[in-house]
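Engineer: Build the 3D model from these lines:
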Amino acid sequence: MARWLIGLLLVSGSSFAGQGLYSYIATGDYPMPIETMLQLESKHQGVISEFEAEIEDGELVYEFKMIDPQANTITEYEYRAIDGSLIEREVGRLKKDDNDELTGVLMLQQNGLSLSDMLTLVNQETDGHIVKAEVDTDLGISYIELEILDVDGKRKLAFDIENKQLLPLLKWD
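Structural biologist: You can find the predicted model right below:
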């Protein structure tokens, strides 16, 4: 009984956290993450491979991961959503466990695309707000794993980079 109650509390807590994030994003008081992405892509070498919107210390924060295959680096950025100011920047070397993400980034580059391009396409096919996006490769398919947040909560889906379409087999709730 105690395990069941703890499980219920954990699930309920994550649902409430998602709803808190939804209220921040739905107000329209913040620039859309795509605006920050476009600035990041224009100012820095590499390709954004990951994005996440989170609430930290009561404020909306956009986090990005950018891979530069030529420099063999991965850079993490954290921005205040309200004004786009940089909170933190951390640079590291690509590691072996980054290979699936790197393969997806190379597929984006090969197709002349960026993460912001792909998320613009996804926005045309889905309702809600994208609060997380991560480039990945599995079973020979490069895709973007997404979390979409709407008034009913979060749902996950995947978007094929090469074919520019939702992957119905990789939808889950």
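Engineer: what element comes up after the helix or strand bottoming out on mean pLDDT in the chain heading to the C-terminus?
Structural biologist: Least confident element among the helices and strands of the chain, by mean pLDDT, DSSP states H and E: helix 2-26 (a mean of 50). The helix or strand immediately downstream of helix 2-26 is helix 33-43, counting by DSSP states H and E.
Engineer: and that following helix, what does it pack onto?
Structural biologist: The contact analysis (3 or more Cβ pairs under 8 Å, 6 or more residues apart in numbering; DSSP states H and E) places helix 33-43 against strand 47-56, strand 59-68, helix 115-125. C-beta here means a position set from N, CA and C on the backbone, and glycine is covered the same way.
Engineer: For that helix, give me every contacting residue.
Structural biologist: Residues from elsewhere that reach helix 33-43, judged by Cβ atoms under 8 Å, 6 or more residues apart in numbering: 47-48, 51, 53, 62, 64, 66, 77, 79, 81, 84, 114-116, 119-120, 130.
Engineer: Out of those, which end up buried?
Structural biologist: For the contacts of helix 33-43, a burial check counting by 16 or more other Cβ atoms under 10 Å picks out 47-48, 51, 53, 62, 64, 66, 77, 79, 81, 114-116, 119, 130.
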